[in-house]
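K.L.:
Model the following, please.
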Amino acid sequence: MKPAHRTLCQFAIVTAFGISFFACAWLAAQDSQPERKKIYGSIELQPEMLGIELPDGDVVPYASENVWTDDEEGRGCVARVYVKVGDNFVVMLPDGQLVGRLADKVQPTERPFEPMNQAALSKSLLDDPRLRGFQTHETDHFVFIYNTTPEFARVTAKVMETMLEGVMEYCTEQGIRVHEPEVMLPVIMFHTDRQYQAFQPVPAGIFAYYAIAANRVVLKQESSLAGVRPDLAEQQLLSTIAHEGAHQILHNIGVQQRLSRWPMWLGEGIAEYMAPTKPGHKFAWKGAGKINDMRMFDLEMFMQKQFVKGFDGDTVTRTVGSPRLGSTGYAAAWTITHYLAENQKEQFDRYMRYLSRMPPLQGMLPEDPTAEQVESNLIHFKKFFGDDIEAFENAMVEYMSRQRYTSPVEDIPHYVGMAVVPGLDGDTKHCCFYPDEGSLRAWAQAVVESLSEYDREHVKIEYRQFANRGEANRFIRKWKRGR
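P.N.:
Residues are numbered from 1 along each chain as shown. You can find the predicted model right below:
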C-alpha cells in the first residue's frame, strides 16, 4: 500500500472544478431522488484505503447477493456481497466483518445469509488467543468481551444499549430510514493499556476506537488520570466510549453506510451530539442533543482565548473544511453540529438525509494527504446553511454561551486573569478563568498580541487563584461591575 493511501482515510480534499455548474441542480434534486447516487464532491475510495485487501477496480453498488466463501478462520460460510470492486468483492461475513474476496474465492449460493447470534459470536471472539480468559456479557444488540471490572462492563453495556434505541428514534424523526442492526455489535474491552496496545497498537491518548471494517468497538479501562482524578478519568473514558459507540450504531442502522466517509466535522460532530453522558454513581446516557459536558468544557476553554481575537468566521471555516481534527476541533465540530440541530433543524435534517445516501467506498477525503482544507465540505455547508459564515459563527457563539453545563473540574482551583487597557474614553477590560496556569499565560499572551504597540506598554495584567470554578466566576462578575 502506498503511504498516501494509508493516510487517505483520515484526510480529505476534492477539486472544485465545475462547482458553479453542479451546485443548483444538485441541491434541487437531492430530496426528489430515492436512489443512492454519488454525493457531490466525494471521491471514490479503494478498499485498501480502508484496510481491506483487494486490487483496485471500478466500484459497483452492492446487490445483496449471497455467496459461499471462507471466513477468516478458513471455514466455509454464506456471506453477503456488500460491494463489487472490479471482478472482486467486499463481502459481509456472519460475524459482521467486511472483508475482501477475490472472484475465484466465492461461489453464488441460494442458501440464506444468517448472522451469528450472541452465543456464536462470543465463542468466535474468544477463540482469539489475545482474548482467551475474557468474560462475556450479551444484550439485545451487543456482545461484550471483557476483562475489565464487572461494574465497568455493566455500565458500558447499559450506555450502549440505551443509546442505540435513542439514536434510532432521533434519526427516524429526522426522516432517515433506519433499521435494527443486521448483525450483533461486538465491543472488546481491555482492563490495561498494555493489553489494549497488544491487541492493536494505536497512538497514545486514544482510549477507544471503532474499526469500521471489523465493525468492533475496542476500548480500555485504564487511564493515566485514574491515580490523580479517578472521577474525571471515568467521565472522560465513558464519554469517549459513548462517542465510539455512536459511530458503531450510526454505521449499523442505515444512517452512515459502512465504508463511506462523511465530512470530518459532521462525522465526528454527530457522534458527539449523539453521545452525551451523565457522570456520577448513576452514570448513564443523557440523550441525543443534550449538552455534552466534556465538549462544553473544551469549548469554554477555547472561547475565552478566542474572544480576545473576535469571531470572524475563521473557526467555523477551518473546522468545516478540515480533513483532520484535534481536541479543539472535536469541540468545534460538536458545537457546530449542536447549534445546527437545535437552531436550523430543517436544513440540518435535510443534510443528514442527503449524506445518508452516500454509498460504500465514497467519501469526502483528500487525494493529497497534506491538504489543509476540503473545499467541497465548505460548498456543502454554504448550500445548506447559508453563505455568511461570520454571522453564523457569532450567532453560534452567542447561543452556546447561554448553555448551562456541569464542568468536569468544577471543584478544583481556578485561576483568573484580568487585563486592563487604559484609554481616553475609559478602560478596556478583558478577563478569563482557567483550571491551569499554562492556559492562563497563553490567554495573557493572546491579549498582548492583540494590542497596539502603545497599549502593550500600558496594559496591566493581574492573576488571582480561587478555590473552585464557582468562586472564580463570582469574582469575575463583581470585577466586571467595577466592585
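K.L.:
Can you tell me which residue is spatially central in this structure?
P.N.:
residue 268 (2.3 Å; Cα atoms, centre = their mean).
K.L.:
That one sits in which helix or strand?
P.N.:
Assessed by DSSP states H and E, residue 268 sits inside helix 264-274.
K.L.:
C-alpha coordinates for that helix, PDB please?
P.N.:
Output in PDB follows, covering the C-alpha atoms of helix 264-274 (Å, rounded to 0.1, in the frame of the first residue of the first chain):
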ATOM      1  CA  MET A 264     -15.000  15.100   9.200                       C
ATOM      2  CA  TRP A 265     -16.800  17.900  11.000                       C
ATOM      3  CA  LEU A 266     -20.200  16.200  10.800                       C
ATOM      4  CA  GLY A 267     -18.900  12.600  11.100                       C
ATOM      5  CA  GLU A 268     -17.300  13.400  14.500                       C
ATOM      6  CA  GLY A 269     -19.800  16.200  15.400                       C
ATOM      7  CA  ILE A 270     -22.800  14.000  15.100                       C
ATOM      8  CA  ALA A 271     -21.200  11.200  17.200                       C
ATOM      9  CA  GLU A 272     -20.500  13.800  19.900                       C
ATOM     10  CA  TYR A 273     -24.100  15.100  19.600                       C
ATOM     11  CA  MET A 274     -25.500  11.600  20.000                       C
END
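K.L.:
on that earlier part again, next, the contact list for the residue nearest to the centre of the chain, please.
P.N.:
325, 330, 333-334 (Cβ atoms under 8 Å, 6 or more residues apart in numbering). Heads up, the C-betas are built off the backbone N, CA and C, glycines and all.
K.L.:
likewise residue 142?
P.N.:
157, 160-161, 164, 184-187.
K.L.:
among those, which are in helices?
P.N.:
Applying DSSP state H to the contacts of residue 142, the entries found in helices are 157, 160-161, 164.
K.L.:
how about the residues you listed in TSV, adding pLDDT?
P.N.:
Output for these, formatted as TSV (pLDDT from 0 to 100):
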residue	pLDDT
157	92
160	92
161	93
164	95
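K.L.:
In TSV: the residues you listed, plus distance to residue 113 and neighbour count.
P.N.:
Conversion of those to TSV gives the following (distance: Cβ to Cβ, whole Å; neighbours: other Cβ atoms under 10 Å):
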residue	distance to residue 113	neighbour count
157	27	19
160	25	24
161	24	17
164	22	24
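K.L.:
Ramachandran coordinates for the closest residue to the residue nearest to the centre of the chain other than its chain neighbours?
P.N.:
Nearest non-adjacent residue to residue 268, counting by Cβ to Cβ, 6 or more residues apart in numbering: residue 333, 4.9 Å away. Dihedral angles of residue 333 (phi, psi; degrees, to the nearest 10) stand at phi -60, psi -40.
K.L.:
if we can go back for a sec, I'd like to know how far the residue nearest to the centre of the chain sits from residue 88.
P.N.:
31 Å (Cβ to Cβ, to the nearest Å).
K.L.:
next one: residue 296
P.N.:
46 Å.
K.L.:
what's the answer for residue 149, then?
P.N.:
Remark: distance between residue 149 and residue 88 (Cβ to Cβ) = 44 Å.
K.L.:
between those two, which one's more packed in?
P.N.:
Neighbour count, other Cβ atoms under 10 Å: between residue 149 and residue 88, residue 88 has more, with 20 against 12.
K.L.:
can I assume that one is in contact with residue 102?
P.N.:
Yes - using Cβ atoms under 8 Å, residue 88 is in contact with residue 102, at 5.2 Å.
K.L.:
now stretch 388-398, how far from the chain's geometric center?
P.N.:
22 Å (Cα atoms, centre = their mean, to the nearest Å).
K.L.:
buried ones in that stretch?
P.N.:
389, 392-394, 396-397 (16 or more other Cβ atoms under 10 Å).
K.L.:
Averaged pLDDT, it. What do you get?
P.N.:
Stretch 388-398 shows a mean pLDDT of 94.
K.L.:
How about stretch 474-483?
P.N.:
81.
K.L.:
Sort out which residues of it are buried, please.
P.N.:
By neighbour count on 16+ other Cβ under 10 Å, the buried set for stretch 474-483 is 475-476, 479.
K.L.:
Just the ones in helices from those residues, please.
P.N.:
Reading helices off the buried residues of stretch 474-483 with DSSP H, I get 475-476, 479.
K.L.:
So what does residue 54 look like in phi/psi?
P.N.:
phi -150, psi 150.
K.L.:
Equivalent analysis for residue 81, please.
P.N.:
phi -70, psi 120.
K.L.:
Surely it touches residue 89?
P.N.:
Yes - judged on Cβ under 8 Å, residue 81 makes contact with residue 89 at a distance of 5.4 Å.
K.L.:
Now do the shared contacts for those two.
P.N.:
In terms of Cβ under 8 Å, 6+ apart, residue 81 and residue 89 are both contacted by the residues residue 67.
K.L.:
Pick out whichever of the two has more residues nearby.
P.N.:
Comparing residue 81 with residue 89 by other Cβ under 10 Å, the one with more neighbours is residue 89, at 26 against 21.
K.L.:
Tabulate the CA atom coordinates of stretch 305-312 in CSV.
P.N.:
Once non-C-alpha atoms are left out, stretch 305-312 reads as follows in CSV (Å, rounded to 0.1, in the frame of the first residue of the first chain):
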residue,chain,number,x,y,z
LYS,A,305,-9.0,33.0,24.3
GLN,A,306,-10.9,33.4,21.0
PHE,A,307,-12.9,36.3,22.5
VAL,A,308,-9.8,38.3,22.5
LYS,A,309,-9.3,37.9,18.8
GLY,A,310,-13.0,38.1,17.9
PHE,A,311,-15.2,35.7,15.9
ASP,A,312,-14.8,36.4,12.2
